[in-house]
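[1] Only the shape, not the letters, is given here:
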């Protein structure tokens with residue numbers, strides 16, 4: 001179980017966030033409904049999201065308790081897997097993902113000076129667009145989507161600074177103690193964790209974290225990619241039930257981000273408890 005480091009949501013003046021995804025897996029559409037989703041984009045989204053691309057289908061994972069392996073549902077339709085449409089804003093920062101059985105809103109940092117617009121904006125973007133999709137499907141006779149699983153992901157790029165300058169400095173960035181009782185110099189570390197999200201002792205989701213060494217656009221400057229994903233069941237029906245989990249998942253991500261990173265990095269980002 002994730003142990004909170006504070007009773008309040010934490011934030012940073014300059015967070016290292018480069019992408020946020022809020023999405024839901026839902027039942028009620030077959031793989032043939034791709035044309036209906038394309039029509040939804042054309043009729044209601046095209047002005048705000050003028051660019052459309054086709055991406056490989058996304059297979060949503062259902063969390064199981066007790067753990068019994070992974071249950072993947074979106075690729076079980078007969079015939080070819082349904083395509084996933086990416087509807088993008090003109091600046092590329094906003095993306096809506098449309099696929100039979102999957103809907104998500106992305107924010108992406110596409111310019112070096114881009115600033116994350118905070119969870120309240122991401123939450124409202126998800127709420128507004130999912131309601132619009134649900135209403136459209138209902139009007140077209142496809143029925144209301146039934147949310148089965150919710151998912152929120154934060155991807156952070158932690159760049160070199162006065163605190164650290166090489167991948168071997170991982171202990172200066174994360175509260176991770178790499179093994180030091182070997183005869184060879186440490187070069188880099190990758191790291192994964194998995195936590196249960198619980199309420200009154202009952203699990204309702206999981207939180208996954210990944211730390212991966214990488215390099216900047218120049219191919220030389222070290223950075224660490226820190227990805228956190230909370231996934232679990234909606235906390236009620238409809239969009240409000242989905243938002244209930246997304247809010248709790250985002251809270252778990254915030255608190256775990258702080259718990260796994262060092263105080264020196266908190267100062268670098270302007271920690272605001």
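    Great, that's in hand. Bear in mind the structure is a predicted one, so any value in this text is a computation, not a measurement. Residues are numbered from 1 along each chain as shown.
[2] use CA for all of it now, contacts and neighbours both
    Noted.
[3] Need phi/psi at residue 272.
    phi -130, psi 90 (degrees, to the nearest 10).
[4] close enough to count as contact, it and residue 254?
    No: in this structure, residue 272 is not within contact of residue 254 by Cα atoms under 8 Å, at 11.7 Å.
[5] Could you check which of these two is surrounded by more residues?
    residue 254 (19 against 11; other Cα atoms under 10 Å).
[6] Work out for me the element the more buried one sits within.
    Per DSSP states H and E: residue 254 is located in helix 238-260.
[7] Quick check: neighbours shared by residue 272 and residue 254?
    Shared contacts of residue 272 and residue 254, defined by Cα atoms under 8 Å, 6 or more residues apart in numbering, are found at 10, 11.
[8] which stretches of the stretch 1-150 of the chain have low pLDDT?
    Regions of the stretch 1-150 of the chain meeting the criterion pLDDT under 70 cover residues 1-9, 67-81.
[9] need the helices for it, in chain order.
    Taking DSSP state H, counting those that start in this stretch to define them, one finds helices in the stretch 1-150 of the chain at 34-40, 118-139.
[10] And the contacts of the shortest one?
    Translated: helix 34-40. 82, 83, 85, 98, 99, 100, 133, 136.
[11] I'd like the residues you listed as JSON lines, with distance to residue 14 appended.
    Listed next are the contacts of helix 34-40 as JSON lines, based on distance: Cα to Cα, whole Å:
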{"residue": "82", "distance to residue 14": "38"}
{"residue": "83", "distance to residue 14": "36"}
{"residue": "85", "distance to residue 14": "32"}
{"residue": "98", "distance to residue 14": "31"}
{"residue": "99", "distance to residue 14": "33"}
{"residue": "100", "distance to residue 14": "36"}
{"residue": "133", "distance to residue 14": "33"}
{"residue": "136", "distance to residue 14": "38"}
